[in-house]
Structures are given as C-alpha cells and as structure tokens.
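S.K.: This is a predicted model, with the sequence first.
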Amino acid sequence: MTSRTLLRLNKANIYHSYHGMQDRDVNLVLQKYKQKMKWCNRHRILDIGCGPGDLSVNYLLPLIPKNGQMLGIDISPSMIQYANFKYKDSRIKFKVMDISKPDIGEKYRLVFNSVFSFYCLHWIQDQWNTMKNIYNVLQSGGETLLVFLASSPIYTLYEILSTSPKWSPYMHDYKDAISPYHNSTDPESEIRNLLSDIGFNVIDCFCSPMSYTMPTKETLYKSIQAVNPFLNRIPQHLLEDYNNDCKTEIMKGNLCVTSEETEEVTFSYSLMTVYAEKPKYVNE
Ligand SMILES: C[S@@+](CC[C@H](N)C(=O)[O-])C[C@H]1O[C@@H](n2cnc3c(N)ncnc32)[C@H](O)[C@@H]1O
C-alpha cells in the first residue's frame with residue numbers, strides 16, 4: 001500500500017460489525033418515507049453505495065413488491081464480493097460501479113422507479129455528476145431518497161491528523177475523504193439549488209443535528225476505524241501509533257462527550273435527508 005492507494009472502504013466485515021449508527025438512521029428515515037413513496041408492481045430500485053448489502057436486504061427488499069427488482073452498487077469490489085456471497089435472492093443483484101462516472105447514467109437511463117443512497121454520497125466530491133446520474137437513471141415521476149453526512153467529528157479528526165508531519169504523507173488528499181458539505185454554512189440551500197438546477201422537484205431537503213451513543217470508548221474507536229480509509233495506507237509497523245493518535249485527538253479535541261456515570265460516549269454530527277422527484281413526462 002502506498003500513499004497513493006485509493007481512499008476506499010475495503011473491510012466489509014469490520015464495517016458490517018460497526019455500523020449501528022448508520023443502521024439506526026436509515027431505519028428512522030425509511031419509517032418516515034416508505035409510506036410517502038410510490039410503489040408499483042414491477043418496481044425497480046437502485047441502492048447506491050450499498051456496502052455489505054445488509055441495509056439493502058433488511059430495509060429495502062421488504063418494501064419491493066413481489067415482481068420488483070433491486071440493484072445494489074458500490075465502488076468497492078470487496079463490499080460487493082461480501083454482499084454477493086452473503087445475500088442470494090433472485091430479486092437482487094450487486095455490482096461494482098462508481099455513481100459519479102458518466103457510464104452509469106447512460107447504461108441505466110430511465111430504468112429505475114426509485115433510487116436510494118444511505119451514508120454514501122458524502123464520500124463523493126463530484127456532486128454535480130453524481131446527482132445528474134441519479135436524475136438520468138430515474139424514470140419520469142421516479143423518486144429518490146438520499147441520506148448522507150453533512151458534517152461529522154471524524155472529518156475534524158482527519159483535518160487535525162493531516163496537519164501532523166507524522167501522518168500528512170498518508171493524508172495529503174484528506175479533503176477527498178471529507179463530506180463536501182462539512183464546512184458549508186448552509187448545506188441545505190447548496191444541495192437544494194444543485195438538485196433544482198439538475199431538474200428535480202425537491203420535496204424535502206434538510207440537515208438534522210444528530211447524536212449517537214456508544215457503550216464504550218473502544219466501540220467508538222472501532223466504529224471510526226471501520227470507516228477510516230487512511231488505514232489502508234498506514235504501514236503495518238505504524239498502525240498502532242496511528243490508532244493511538246486517533247484516540248488521543250478524539251478525546252483531546254472534544255470530538256465526543258464521555259458520560260461521568262457510565263462508560264458511554266456520545267458524538268454529534270449532522271445528517272442530510274433529501275427526498276426529491278424527477279418531474280413526470282420528462283424523458284431526458
Ligand atoms: C459507509 S458505507 C454505507 C453502506 C450502506 N449503504 C450503509 O448505510 O450501511 C459507504 C459506501 O459507499 C461506497 N462508495 C463510496 N464512493 C462511491 C461511489 N463513487 N460510487 C459507489 N459507491 C461508493 C463505499 O465503498 C462504501 O461501501
């Protein structure tokens with residue numbers, strides 16, 4: 001591994017074991033939106049950034065009518081390998097694909113009735129082409145429900161570590177791993193304007209302050225490791241040192257709050273929810 005290794009999540013089993021926060025938030029959002037969304041007999045769903053596939057299977061698959069189909073895509077081959085190995089259902093396929101690249105908008109033009117994406121779009125800097133692809137793959141009248149981070153203490157951690165001479169050689173491109181909205185003063189308007197310019201009817205677009213409590217500091221560290229793409233680059237002999245510095249900075253920089261009575265730690269972040277529709281009778 002070199003400092004040029006792509007910033008990807010490739011440890012599907014670790015992510016799968018430490019994504020309680022993502023699981024909780026996706027479930028909450030779907031409880032609210034599943035009744036509002038339109039469903040048809042041969043419904044076709046795209047799930048962007050499906051990761052290990054469990055949220056697609058646990059939460060999206062039950063919503064699809066019997067004759068429906070779901071495609072889960074992810075840029076990480078190891079996530080897709082894991083999902084394909086673990087989940088076999090004639091109504092689901094998992095494929096390696098990058099949602100920000102133009103080929104997907106062309107290959108799946110007007111194919112899907114709904115497009116979902118959970119905890120993925122903050123990984124992508126090219127928001128215009130990503131949202132444009134979502135628009136292009138939707139049928140007219142199709143809907144999209146997107147959940148992604150606007151800001152998170154993990155990004156602040158990356159900002160801090162990237163300034164250290166010890167870690168900067170491995171984190172020179174840390175901005176690529178930070179949500180494009182992390183330092184935005186008004187992410188809601190930025191995203192609403194982007195989607196409207198592309199042609200969507202934006203029904204909901206809001207940024208919610210959230211918090212999540214983990215039982216121990218150790219669980220928090222593991223959950224952070226599960227999504228830290230720089231770990232792929234840190235040489236084996238420096239890994240322990242890097243992880244220790246992460247822990248120190250998390251505690252020192254007030255990136256979370258530790259309970260005085262229990263071992264619990266709580267951290268706060270802001271989450272975007274977008275519910276938008278491609279206008280009816282648009283075939284472009
Ligand atoms: C934090 S995981 C979320 C997985 C799952 N949706 C969940 O909520 O548990 C984010 C996923 O987005 C994927 N991803 C990042 N950039 C992507 C891109 N350009 N195209 C497709 N998937 C991408 C990552 O590989 C990763 O598996």
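M.R.: Received it, and whenever you're ready, just let me know what you need. Residues are numbered from 1 along each chain as shown.
S.K.: When you work out contacts or count neighbours from here on, use the C-alpha atoms and nothing else.
M.R.: Fine.
S.K.: mind listing the strands in the stretch 51-200 of the chain by residue range?
M.R.: 69-74, 92-96, 112-118, 138-151 (DSSP state E, counting those that start in this stretch).
S.K.: could the ones you listed go into JSON lines alongside distance to the ligand and mean pLDDT?
M.R.: Formatted as JSON lines, the strands of the stretch 51-200 of the chain follow (distance: least, CA to the nearest ligand atom, whole Å; pLDDT from 0 to 100):
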{"stretch": "strand 69-74", "distance to the ligand": "4", "mean pLDDT": "98"}
{"stretch": "strand 92-96", "distance to the ligand": "8", "mean pLDDT": "97"}
{"stretch": "strand 112-118", "distance to the ligand": "4", "mean pLDDT": "98"}
{"stretch": "strand 138-151", "distance to the ligand": "9", "mean pLDDT": "98"}
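S.K.: Turn those into TSV, columns for mean neighbour count and distance to Asp126.
M.R.: Formatted as TSV, those follow (neighbours: other CA atoms under 10 Å; distance: least, CA to CA, whole Å):
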stretch	mean neighbour count	distance to Asp126
strand 69-74	22	16
strand 92-96	19	18
strand 112-118	23	15
strand 138-151	23	14
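S.K.: Now tabulate the ones you listed in JSON lines and tack on distance to Ser208.
M.R.: Formatted as JSON lines, the strands of the stretch 51-200 of the chain follow (distance: least, CA to CA, whole Å):
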{"stretch": "strand 69-74", "distance to Ser208": "25"}
{"stretch": "strand 92-96", "distance to Ser208": "30"}
{"stretch": "strand 112-118", "distance to Ser208": "15"}
{"stretch": "strand 138-151", "distance to Ser208": "9"}
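S.K.: Just to check, Val274 is in contact with Leu149?
M.R.: No. Between Val274 and Leu149 there is no contact under CA atoms under 8 Å: 11.4 Å.
S.K.: gap between stretch 225-238 and the chain center?
M.R.: From the chain centre to the centre of stretch 225-238 is a distance of 19 Å (CA atoms, centre = their mean, to the nearest Å).
S.K.: First-to-last residue distance for that stretch?
M.R.: For stretch 225-238, the first-to-last residue distance is 15 Å (CA to CA, to the nearest Å).
S.K.: where do the helices sit along the stretch 51-200 of the chain?
M.R.: For the stretch 51-200 of the chain, applying DSSP state H, counting those that start in this stretch gives helices covering 54-55, 77-86, 102-107, 127-137, 153-162, 187-198.
S.K.: Return the most buried member of those helices.
M.R.: Most buried of the helices of the stretch 51-200 of the chain, by mean neighbour count (mean count of other CA atoms under 10 Å): helix 127-137, with a mean of 21.
S.K.: Could you pull up the contacting residues of Asn201?
M.R.: 195, 276-279 (CA atoms under 8 Å, 6 or more residues apart in numbering).
S.K.: For Asn58, grab the count of nearby residues.
M.R.: 12 (other CA atoms under 10 Å).
S.K.: Per-residue pLDDT of it, please?
M.R.: What the model reports for Asn58 is a pLDDT of 96.
S.K.: What of Leu9?
M.R.: pLDDT for Leu9: 73.
S.K.: who touches it in this structure?
M.R.: Contacts for Leu9 (CA under 8 Å, 6+ apart) come out as 76, 79, 226-229.
S.K.: and of these, the nearest to the ligand?
M.R.: When these are ranked by distance to the ligand (CA to the nearest ligand atom), Ser76 comes first, at 4.4 Å.
S.K.: Pretty sure Ala12 is one of the things that closest one touches, is it not?
M.R.: No. With contact defined as CA under 8 Å, Ser76 does not reach Ala12; the gap is 9.2 Å.
S.K.: overlap in contacts of those two?
M.R.: Gly51.
S.K.: Mind picking the two most distant members of the contacts of Leu9?
M.R.: Farthest pair in the contacts of Leu9 (CA to CA) is Met79 and Asn228. Separation: 14.9 Å.
S.K.: circling back: reformat the helices of the stretch 51-200 of the chain as CSV; add distance to Tyr269 and mean pLDDT.
M.R.: CSV is the format used below for the helices of the stretch 51-200 of the chain (distance: least, CA to CA, whole Å; pLDDT from 0 to 100):
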stretch, distance to Tyr269, mean pLDDT
helix 54-55, 21, 96
helix 77-86, 25, 95
helix 102-107, 31, 89
helix 127-137, 20, 97
helix 153-162, 7, 94
helix 187-198, 13, 98
